[in-house]
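Novice: From the sequence below, what's the structure:
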Amino acid sequence: MRAFAIFNALVAGADALVWFALAWIGWGLLRGVEHQHVAGYPNRGQFIYYLWFPLAMAACAVALYVIARNTRFRAPAILAHALMFFVLLFFLFGYGGGV
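Specialist: Numbers count the residues shown, from 1 in each chain. Purely as a prediction, here's the structure:
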């Protein structure tokens, strides 16, 4: 049981760290566009994609850690963390401008 708690903490920490870092980078990108004084930018969609979605995913990572730590839903919480890493791959396609 102790090994599962350590694994849960590592996965949740990595997941939350990545999403918080993307939110931090997104905040910097939005501030950079704002300082250029281009009409209509940053728009609402950019705020949602670069700032609010990563913050929501980081909050989900923390919530999943708490759920896995304090309830009997440990395995589903770890599977949800794996799903969040899968969502990260698709999120990064658009975050970097796509191919």
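Novice: What about the closest residue to Tyr41 other than its chain neighbours, how many residues nearby?
Specialist: The shortest distance from Tyr41 to any non-neighbouring residue, by C-beta to C-beta, 6 or more residues apart in numbering, is to Val33 (5.1 Å). For the C-beta atoms, the positions are set from N, CA and C on the backbone; glycine is no exception. Residues within reach of Val33, counting by other C-beta atoms under 10 Å, total 15.
Novice: Val33 reaches Gly40, doesn't it?
Specialist: No: using C-beta atoms under 8 Å, Val33 is not in contact with Gly40, being 10.2 Å away.
Novice: Would you confirm that Ala16 contacts Val62?
Specialist: Yes: counting by C-beta under 8 Å, Val62 is a contact partner of Ala16 at 5.7 Å.
Novice: and these two? which has more neighbours close in?
Specialist: Neighbour totals were compared for Ala16 and Val62, and Ala16 leads with 21 against 15 (other C-beta under 10 Å).
Novice: For Ala59, see how far away that one is.
Specialist: 9 Å (C-beta to C-beta, to the nearest Å).
Novice: quick one: which helix or strand includes the residue nearest the centre of the chain?
Specialist: Against the mean C-alpha coordinate of the chain, by C-alpha atoms, centre = their mean, the closest residue is Trp19 at 2.8 Å. Here Trp19 sits within helix 2-35, counting by DSSP states H and E.
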